[in-house]
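>>> starting from these lines, generate the structure:
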Amino acid sequence: MTAFTANDLLNGVLREQNVGDYVTHLLSGALDSSFPLPTEIEFSSLRETKCKWSLFGKVAWVKRWFGDNPRLFPSGVKVSFPLWSKYGCHMDDSGNVRFPLPALLKRFDPLVKYVFHESAHLYIAASAEYAELLALDKAFRASCGKDAQANCLSPAEYFASLLSVRLLKEAAETLGETRLAKRIRMQVGVEERKLTRAKDAFTASLS
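The predicted structure follows:
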């Protein structure tokens, strides 16, 4: 599997680097299917990981998730678990991803959400469009501010959120009607409501 390719609509927005066009298509929902869900994803680690409640069990699952899915991360990935990070869970420009201790102390389903979100960032970073996406992201932040709502809707964050939600839905589907599946579906709702609130607040700010 190769890294995703953006659809024609987003390709045009990226080519023109037009923040106004991005905002228009973002708020209309036209960009929500711009990137396809990754295929050939291995979710068996979610079914088989033992001691999901323990710190070491969570670390083991994170490592196995990245190890089980090398096709998602063609540029490779280095995972670390610092005691603390100013930026929380995050990926740097070199493809390193960090999950600090506070994230690991959360319940297992929020950790899955964090891991899938950073996985989406890593997957996007391998795309041919990534440099243009980052340039549009920078222009959006300069034009629309850096508050929490705008941050959720910046191109890099928004598409990572969309992909992570799709990963959560796919994971829940493979888990059936288990307790973990129900909790993962709850995290889907949390993320979808966050994006809806961000769009509503952003639309109101434009009035």
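>>> which residues are contacting the least confident helix or strand in the chain by mean pLDDT?
Counting by mean pLDDT, DSSP states H and E, the chain has its least confident helix or strand at helix 148-153, which shows a mean of 85. With contact meaning CB atoms under 8 Å, 6 or more residues apart in numbering, helix 148-153 is reached by 26, 140-141, 144, 157-158, 161, 194-195, 197-199, 201-202, 205. C-beta here means a position set from N, CA and C on the backbone, and glycine is covered the same way.
>>> out of those residues, which are inside helices?
26, 140-141, 144, 157-158, 161, 194-195, 197-199, 201-202, 205 (DSSP state H).
>>> just the buried ones among those residues, please.
Among the ones in helices among the contacts of helix 148-153, those that count as buried by neighbour count (16 or more other CB atoms under 10 Å) are 26, 140-141, 144, 157-158, 161, 195, 198-199, 202.
>>> least confident of those residues?
Confidence by pLDDT is poorest for residue 144 among those, given 87.
>>> if I look at the closest residue to that one other than its chain neighbours, how far off is residue 131?
Nearest residue to residue 144, sequence neighbours excluded (CB to CB, 6 or more residues apart in numbering): residue 150, at 4.7 Å. The gap separating residue 150 from residue 131 is 22 Å, by CB to CB, to the nearest Å.
>>> likewise residue 77?
19 Å.
>>> which one of the two is surrounded by more residues?
Ranked by neighbour count (other CB atoms under 10 Å), residue 77 and residue 131 place residue 77 first, with 20 against 10.
>>> tell me the centre residue of the chain?
residue 117 (2.8 Å; CA atoms, centre = their mean).
>>> you'd agree residue 134 is up against residue 156?
Yes - using CB atoms under 8 Å, residue 134 and residue 156 qualify as a contacting pair, with a distance of 6.5 Å.
>>> how about the helices in the chain?
Going by DSSP H, the chain shows helices at 8-16, 19-28, 44-48, 55-68, 101-104, 108-125, 130-144, 148-153, 155-175, 179-206.
>>> and the ones you listed as a markdown table, adding distance to residue 93?
Shown next, in a markdown table, are the helices of the chain (distance: least, CB to CB, whole Å):
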| stretch | distance to residue 93 |
| --- | --- |
| helix 8-16 | 19 |
| helix 19-28 | 22 |
| helix 44-48 | 27 |
| helix 55-68 | 18 |
| helix 101-104 | 20 |
| helix 108-125 | 8 |
| helix 130-144 | 9 |
| helix 148-153 | 18 |
| helix 155-175 | 12 |
| helix 179-206 | 25 |
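>>> pick out the shakiest of those helices, pLDDT-wise.
Comparing mean pLDDT across those, the weakest is helix 148-153, with a mean of 85.
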